[in-house]
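Trainee: Below is the sequence, then the predicted model.
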Amino acid sequence: MPDTPTLVAAVIALFGVVFFLSGLAALRRGRLFRMTVRLSAAALLLALAGLLGAAAVATRGYNALTHEEVAATVRLEPAGPKRFTARFRFPDGREAGYRLAGDELYVDAHILKWKPLANLFGLHTAYELDRVSGRYRAAAEEQQNARTVQALAPERPLDLFQLRQRYALLDFLFDAEYGSATFVMADRPAGIEIRVSTSGLMARRLEAP
């Protein structure tokens, strides 16, 4: 079933096609002013539909965010000096495991906040976990030792963050777009909740050692 932004984009595109055909009909009748108005409206509607369609594709995989919620549950298992395994379980049931180097688990995410105009088209605050890595407590170790980074976000044909940086015209839709990160010690077996709110990520330990 199509999501709300996709459905709205399709409806706007349909109106754009109707105005375009109406403009061609006006041209055949020699009504130039009416043709100009209708073709201009068609161009505007089709451009808006294209923009909403691109936003819908670029945000596919993002999760709607209305309050603090669990983005992932992680099981940490030490695997040697400054080595550990992080086993992720996501809210949709997916699971994945990563071998990481460092003292701490580090997770970051993209958070998108839309302006009220975008809310009318079904675009609301959303988030997506982006990467997981191992983090060393000492900056010198971070510079010298092996670094391990894994992608959490799926590949997609369009990335909204890149589109926003490339096209200033998207500014009227965005209230804010930013990255957020959290990290927690990974020196002993533990369960961790990675939580997200409109103010960013946080890590909450589930069990005592």
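Mentor: Good, I have the coordinates.
Trainee: now the strands for this protein?
Mentor: 63-64, 69-80, 83-89, 95-101, 104-114, 126-135, 149-151, 174-185, 190-197, 200-205 (DSSP state E).
Trainee: could you say what helices and strands the third one packs with?
Mentor: Looking back up the chat, that one is strand 83-89. Counting by 3 or more CB pairs under 8 Å, 6 or more residues apart in numbering; DSSP states H and E, the packing neighbours recorded for strand 83-89 are strand 69-80, strand 95-101, strand 126-135. Any C-beta I mention is one placed from the backbone N, CA and C, and that applies to glycine too.
Trainee: Including mean pLDDT, mean neighbour count and distance to residue 27, could the strands of the chain go into TSV?
Mentor: Shown next, in TSV, are these (pLDDT from 0 to 100; neighbours: other CB atoms under 10 Å; distance: least, CB to CB, whole Å):
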stretch	mean pLDDT	mean neighbour count	distance to residue 27
strand 63-64	56	14	44
strand 69-80	92	17	53
strand 83-89	96	19	58
strand 95-101	95	16	57
strand 104-114	87	21	38
strand 126-135	90	20	42
strand 149-151	94	12	51
strand 174-185	79	15	38
strand 190-197	90	19	52
strand 200-205	86	16	54
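Trainee: okay, these in CSV with distance to residue 11 next?
Mentor: Listed next are the strands of the chain as CSV, based on distance: least, CB to CB, whole Å:
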stretch, distance to residue 11
strand 63-64, 21
strand 69-80, 30
strand 83-89, 37
strand 95-101, 37
strand 104-114, 19
strand 126-135, 21
strand 149-151, 34
strand 174-185, 23
strand 190-197, 31
strand 200-205, 35
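Trainee: Any idea which of those gets closest to residue 17?
Mentor: strand 104-114 (26.4 Å; CB to CB).
Trainee: In space, what's closest to residue 146 - neighbours in sequence excluded?
Mentor: residue 101 (5.0 Å; CB to CB, 6 or more residues apart in numbering).
Trainee: what does residue 13 give?
Mentor: residue 49 (3.7 Å).
Trainee: Looking at the helices and strands packed on strand 83-89, spot the one closest to residue 31.
Mentor: Judging the helices and strands packed on strand 83-89 by CB to CB, what sits closest to residue 31 is strand 126-135, at 44.9 Å.
Trainee: Paired strands for the closest one, with orientation please.
Mentor: strand 63-64 (antiparallel), strand 104-114 (antiparallel), strand 149-151 (antiparallel) (DSSP bridges).
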